[in-house]
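1. Any chance you can model this:
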Amino acid sequence: MAASNEGFVRRSRRVRHTLKRAANGRARLSVFRSSKHIYAQVIDDRAGKTVAAASTLDEGLKGSLPKGSDLAAATAVGKLLAERALAAGVKDVVFDRGGYLYHGRVKALAEAAREAGLNF
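-> Below you'll find the model as predicted:
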């Protein structure tokens, strides 16, 4: 019997493989979505370091958001992440949605990051 998350894991691997081929040295914006929060980080895969990170659990966002699991929270995390990445000198990234569909909170985070100045 197959594991319940087998499809998710296969999608994640497929997306990551495609991104590595298309990255051309750009950093990767990775998204993790749980039932209560959303997390995002910009990762430099060459150095193996996280350049910038943001989530709904950050001190600045935690008090101002009524919920960490809605579109408003994802938009706020996207804007904050873009500001931190730009401050760290990263402007061009590739978007790693993992095994999630580009819809809802993941899409809201990506669009907010684009509006705040990240290119992908």
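2. Give me the contact list for the helix-or-strand element of the chain with minimal mean pLDDT.
-> Lowest by mean pLDDT, DSSP states H and E among the helices and strands of the chain is helix 59-62, with a mean of 90. Around helix 59-62, the neighbours that count as contacts under CB atoms under 8 Å, 6 or more residues apart in numbering are 54, 55, 56, 68, 73, 76, 77, 80. For glycine as for every other residue, the C-beta is placed from the backbone atoms N, C-alpha and C.
3. make it 6 Å
-> Counting by CB atoms under 6 Å, 6 or more residues apart in numbering, helix 59-62 makes contact with residue 76, all of which sit outside it.
4. In this structure residue 116 contacts residue 82, no?
-> Yes: when contacts are counted by CB atoms under 6 Å, residue 116 is listed as touching residue 82 (3.4 Å).
5. Name the residue in the two with the higher neighbour count.
-> More neighbours sit around residue 82 than around the other of residue 116 and residue 82, counting by other CB atoms under 10 Å; the figures are 26 against 17.
6. Run through the residues that contact that one.
-> Counting by CB under 6 Å, 6+ apart, residue 82 has contacts 113, 116, 117, 118.
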